[in-house]
Structure formats: C-alpha cells, structure tokens
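In: Turn this into a structure:
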Amino acid sequence: MIDSLSLRNLAPLLVLVLLFGCAPSEAPNDAAVSDDQTREDVGDEVTDEPRAVMQTESFDFDVAGNTLAGLFDRPVDREASATIIIVHGYGETNVVEGNWYNQLRSTFARIGINTLIWDKPGCGPSGGEFNINQPVQSSAEEVNAAVQALRDRNLPGTETIGLWGVSRAGWIVPLALAEDPSIAFWISVSGTDGKENARYLLEENFRIEGRSEEETAVLIAEWQARVDTVWKNGTYQDYLDAAPNLSADPFMEFMGWSGNASEQAFLADQEKFRTGELLIDAETGLPVYIPDFPGLLASIDLPVLAIFGEQDTNVDWRSTADLYQTTLGANPDAALSIKTFPNANHNLKPCQQCGVREMAAQSGNIPYADGYYESMIEWLIAQGFGSNPST
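Out: Numbers count the residues shown, from 1 in each chain. Predicted structure coming up:
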C-alpha cells in the first residue's frame, strides 16, 4: 500500500501540501509562518470551568518499539459509557506538556465519555524519532495499539471505543477500522478523499490572495505540469521549465513551497511512480494516497458522523462529502450523518476570507463555529454512546 506521506518528499518538487491538516497552527497564539503552518488547530481556547468535569492521568503504551506517552481522561461524575481516541492531523504534537484538546476532551467527559490522546513518536515525552513523512499505515498501527492497550487494562468505558479524527486522520481511521472492526464509531472532522489536495488548496487560495481567474488558471496549470513531469517520465529540465510563474508567486513563498528540488530527488521520485510505489489517478492527474479508498470506506460497518466547514480552502470538502455519501452513505450499517457549517474553515472556526493566511493568524482563543461541539454531543447521545449528566 502507498505511503501516503511519502509524497511530502516531492516538495518543492511538486509543491504539494499533502493535506495532513493544512491548517496553520496547533498551539494557541502561534501564528508563525513556517512549514509547521500545515498543522491542525488543537482547540485549546480559554474557557471558564466552574468545576472539574474530568480526571486526567498518564497513559503510556508501546508500538513498533517505541513507548508513546499520552493522557487518559475519565468523567468525574459517573462511570464512563464509552471511550474516544483522538487521532491527530498533520505535524508535530505537544499533547502531554500542552494539555492539547482540553476543551474537546472536557466536552466528551461531560456526557460520560473517556478520551485518550498521545504524543506522536519523538514528540513530547514519547519515544522514537519524529518523522514528518510518517506513513498513515504507521499512524493506524498506533491507533490499533492504543485500542488494545485500553482493552488490556479493562478500564470502565473501554468496552465501547470510538475514534475522533481530523483531516489526515481521514486516511488513518479507515485503515485502523479495517484492522479492528470491533471499534464502535467514527467522528470525522474536515476529512479527506483519496487524492492529493494541494491543487484545490492552491486554486482556492490564489483567488483569495487576489489572483485573477486567468492568473489562477496559469498557476494551476504549471502546478499540474510539474506533477506530470514526474509521473510521465519528463526530464529534470522539463521540471525546471514547467513552473516559472508558480515558483515566483508570493503565496508559494508564504507557504514555504517555492524553489526547486534537486535532480537526485526528482529522479528518485520518478522511480517511485515507475515501480508503483506512488500512483496517479489518470482521470484527474492527482497522486493517489490509498488504492481503492472508496472500497475501503464502503467496507466500514459502523455509525459515522462527518463534519465539514463549508469555507474549507485546504481540502475539497465537497469531494469528500460526496465520496462519503456514495460509499458510507450506501451502507445502512454505517449510519452516515453529515453536518456542515456555512461560515467555518478547515479548523471549524469562523472566518472572513477563509484562506490559509487568515488561518495562520487565528489564535487558539477564537471559538469554534456555533453548534460544532453541540453537533457531536447530540450525535453521540442519540447513538447511545453518551448521556446527559443527571444534574
């Protein structure tokens, strides 16, 4: 199966963003513009907590020779009825030290649900080495190892385990579900279809950045021409000549995607297409991350809640929603529900222009779209995984 992150190695060869969140910042008030701007928002806005709703403890488990360090939360007012594992999007993590996703975890605790979250390998206190190109298959192995660790400890609420995942997790979770069909449910936030999303991101953001339709068309054609030189066995000079305007565009510089790859890198990635390690969708000309991704989704037999921001300029949410409808939606056992928020971006936060540059400037203190948390609470309760507190 394709290493879905390996295409990151093509940048700036193909100038790909590779989805993986495509969101600017995971840490509150971190508006730095760097390669890390593709990380997910962790939702740590400051809130007034009248009383503790969860008890948090350390939770470590082993996978692939590494000990991963995480946090396990229990509701304080009752025994949990289920457990949610939080599956990360793209980028480094600082879960344990930064107490990431605290508000989301508290929300689940209020309706009687445990949560488990951990730092990726080489991040925070987790062992191993962080790999920006970690395959989604490897990330799915972490999820399955976490599920097994929860069951081995026989903690209250671990009889029913579900997954909550954002963006890149749209690839990870289906792989984990295929390995362990006993997982009970999936909440997908800003999920993915099976193909490269950078062309969509660039086209949407070039317009927001003020490029005309004609200029945008030229820039996107150059992006595709660069992709084509790799998988269609073009020469390195073809690659260099393919994108004179794209390479010099200020938005590309802002994103850190300007410049050229070395000839060695070009030839190495070209070989991956020749051997089938990397694949192309012939109809769209886009790299494919998981072969037969529609078939993988169609095999999922559990309740799924899919949440999208309708102003997402990072991933093509309409394409993903349509894919979910034709796969999960055609399977009555999947019980698919889709919820969209009209004025929300990739991070489900209100936006004005809704481009990547604006997201990079948003702090963690900006609240989510009205009804975002409520939609998850209502769905979880309706499905019988959580319940309202008695008082």
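
In: Only C-alpha atoms from now on, for both contacts and neighbour counts.
Out: Will do.

In: Confirm residue 280 sits in a helix?
Out: No: counting by DSSP: H, G, I helix; E, B strand; the rest coil, residue 280 is located in no helix; its state is strand.

In: who touches it in this structure?
Out: 231, 286, 287, 288 (C-alpha atoms under 8 Å, 6 or more residues apart in numbering).

In: Over to the third one. Which of the three states is it?
Out: Applying three-state DSSP to residue 287 yields a three-state assignment of strand.

In: Neighbours of it, how many?
Out: Using other C-alpha atoms under 10 Å, residue 287 has 22 other residues around it.

In: Mind pulling up the pLDDT for it?
Out: In this prediction, residue 287 carries a pLDDT score of 92.

In: so how far is residue 231 from it?
Out: Remark: distance between residue 287 and residue 231 (C-alpha to C-alpha, to the nearest Å) = 9 Å.

In: what's the answer for the second one, then?
Out: Relative to residue 231, residue 286 is positioned 10 Å away (criterion: C-alpha to C-alpha).

In: ditto for the last one
Out: Applying C-alpha to C-alpha, one obtains 12 Å for the distance of residue 288 from residue 231.

In: So those two - more neighbours on which side?
Out: In this view residue 288 and residue 231 are compared by other C-alpha under 10 Å, and residue 288 has more residues nearby, 22 against 19.

In: residue contacts, the residue lying closest to the more buried one once chain neighbours are set aside?
Out: Spatially, and ignoring its direct neighbours in sequence, residue 288 is nearest to residue 195 (4.5 Å; C-alpha to C-alpha, 6 or more residues apart in numbering). Applying C-alpha under 8 Å, 6+ apart, we find residue 195 in contact with 281, 286, 287, 288, 289, 290.

In: And the helices in this protein, which stretches?
Out: Read by DSSP state H, the chain holds these helices, from start to end of the chain: 95-98, 102-110, 136-153, 169-179, 198-208, 213-231, 236-241, 244-248, 250-255, 263-275, 293-298, 317-327, 356-361, 372-382.

In: Counting by contacts, list what the second one packs against.
Out: Helix 102-110 makes packing contacts with strand 54-63, strand 66-75, strand 113-118, helix 372-382 when contacts are defined by 3 or more C-alpha pairs under 8 Å, 6 or more residues apart in numbering; DSSP states H and E.

In: Give me the average confidence score over the third one.
Out: Averaged across strand 113-118, the pLDDT comes to 98.

In: Likewise for the first one?
Out: Rounded to a whole number, the mean pLDDT of strand 54-63 is 97.

In: picking that back up, turn the contacts of residue 280 into a markdown table, columns for distance to residue 242.
Out: As requested, the contacts of residue 280 are arranged in a markdown table below (distance: C-alpha to C-alpha, whole Å):
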| residue | distance to residue 242 |
| --- | --- |
| 231 | 14 |
| 286 | 17 |
| 287 | 18 |
| 288 | 22 |
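
In: Can you add distance to residue 56 and give the contacts of residue 195 back as TSV?
Out: TSV is the format used below for the contacts of residue 195 (distance: C-alpha to C-alpha, whole Å):
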residue	distance to residue 56
281	45
286	43
287	41
288	39
289	36
290	35
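
In: Surely residue 140 touches residue 170?
Out: No: with contact defined as C-alpha atoms under 8 Å, residue 140 and residue 170 do not form a contacting pair (10.7 Å).

In: Of the two, which one has the most company?
Out: Neighbours per residue, other C-alpha under 10 Å: of residue 140 and residue 170, the larger number sits with residue 170, 28 against 22.

In: Which residues are in contact with the residue nearest to the more buried one when sequence neighbours are not counted?
Out: Spatial nearest neighbour of residue 170, excluding adjacent residues (C-alpha to C-alpha, 6+ apart): residue 191 at 4.7 Å. The neighbours of residue 191, taking C-alpha under 8 Å, 6+ apart as the test, are 166, 167, 168, 169, 170, 306, 307, 308, 315, 317, 320.

In: just those now: which is nearest residue 375?
Out: In terms of C-alpha to C-alpha, no member of the contacts of residue 191 lies closer to residue 375 than residue 307, at 8.7 Å.

In: how much space between that closest one and residue 167?
Out: Taken as C-alpha to C-alpha, the spacing of residue 307 relative to residue 167 amounts to 10 Å.

In: shared neighbours, these two?
Out: Residues touching both residue 307 and residue 167 (C-alpha under 8 Å, 6+ apart) are 188, 189, 190, 191.

In: Relative to residue 357, which of these is nearest.
Out: Closest to residue 357, out of all of these and judged by C-alpha to C-alpha, is residue 190, at 18.0 Å.

In: could you list every residue that touches that closest one?
Out: For residue 190, the contact set (C-alpha under 8 Å, 6+ apart) comprises 166, 167, 170, 306, 307, 308, 309, 315, 317, 346, 347.

In: Need the phi and psi values for it.
Out: In terms of degrees, to the nearest 10, the main-chain angles of residue 190 are phi 50, psi 50.

In: what about the nearest residue to residue 247 once chain neighbours are set aside, neighbour count?
Out: If the residues on either side of it in the chain are set aside, residue 247 comes closest to residue 258, at 5.0 Å by C-alpha to C-alpha, 6+ apart. If you count neighbours by other C-alpha under 10 Å, residue 258 ends up with 19.

In: Residue 244 is in contact with residue 258, correct?
Out: No: contact status for residue 258 versus residue 244: not in contact, 10.5 Å apart, counting by C-alpha under 8 Å.

In: Of all pairs in the shared contacts of residue 307 and residue 167, which one is the farthest apart?
Out: Taking C-alpha to C-alpha as the measure, those span a maximum distance of 6.6 Å, between 188 and 190.

In: Give the intersection of the neighbour lists for those two.
Out: Both residue 188 and residue 190 are contacted by 166, 167, 170, 306, 307, under the criterion C-alpha under 8 Å, 6+ apart.

In: Would you mind confirming that the first one makes contact with residue 172?
Out: Meaning residue 166. No: under the criterion of C-alpha under 8 Å, residue 166 is not in contact with residue 172, lying 9.7 Å apart.

In: quick one: which of the shared contacts of residue 307 and residue 167 sit in strands?
Out: Assignment to strands by DSSP state E places the following of the shared contacts of residue 307 and residue 167 there: 188, 189.
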